[in-house]
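*Asks:* Sequence isn't available, so here's the structure alone:
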């Protein structure tokens, strides 16, 4: 890998920009904003001066992929949009979860079968908890955004998240202990 920061940045952009643009688009960033997100990620990498500390090319690629994913999340939070691959398509939460796991550069931890089991556990939640859980954990909305959409208080929202988290922790642990996940 090149030793000079500027040279390293140029090499990384040349070799990997297209790949990270595809990643951002697959996560759901509109085509017009994909290039901006990726360039922002490269600049963050450049400013953080990771280049001299990371010698393994795989680690650099994984670090950049993580930065791109985080920039996508920032984009959706800033735009107050839910994370969905295409606004025209009506995808289930299961497909959203599976889509995220497929783009994890370090490893795809959750298989589609596990996602189905997780979705069944989610389906077992009380309706009032389910909406909050999906918005908070899957769509990445803030508690303020959830309160606004569901017209509930912040305390009520946090309480539902806490109760749902406890229920999910117990159910997931039970499935793991049985060897289902």
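*Replies:* Yes, it's here. Predicted model only: the values in this text are computed from it and were never measured. Numbers count the residues shown, from 1 in each chain.
*Asks:* Go through this structure and flag its longest helix.
*Replies:* Determined from DSSP state H, the single longest helix within the chain is helix 154-178.
*Asks:* which stretches of this protein aren't confidently modelled?
*Replies:* 1-3, 50-55, 80-116, 180-181 (pLDDT under 70).
*Asks:* can you pull out the helices in it?
*Replies:* Going by DSSP H, the chain shows helices at 5-27, 31-48, 57-79, 93-102, 112-123, 127-133, 143-150, 154-178.
*Asks:* List the buried residues in the second one.
*Replies:* Same thing as helix 31-48. Of the residues in helix 31-48, 34, 37-38, 40-42, 45-46 count as buried by neighbour count, 16 or more other C-beta atoms under 10 Å. Quick note: C-beta positions are derived from backbone N, CA and C, even for glycine.
*Asks:* Equivalent analysis for the last one, please.
*Replies:* Within helix 154-178, the residues that qualify as buried by neighbour count (16+ other C-beta under 10 Å) are 157, 160-161, 163-164, 167-168, 171, 175.
*Asks:* residues making contact with it?
*Replies:* Helix 154-178 is contacted from outside by 117-118, 121-122, 124-125, 128-130, 132-133, 136, 143-144, 146-147, 150, 152, 181, using C-beta atoms under 8 Å, 6 or more residues apart in numbering.
*Asks:* Now the buried members of the residues you listed.
*Replies:* By 16+ other C-beta under 10 Å, those give 117-118, 121-122, 125, 129-130, 132-133, 136, 143, 146-147, 152, 181 as buried.
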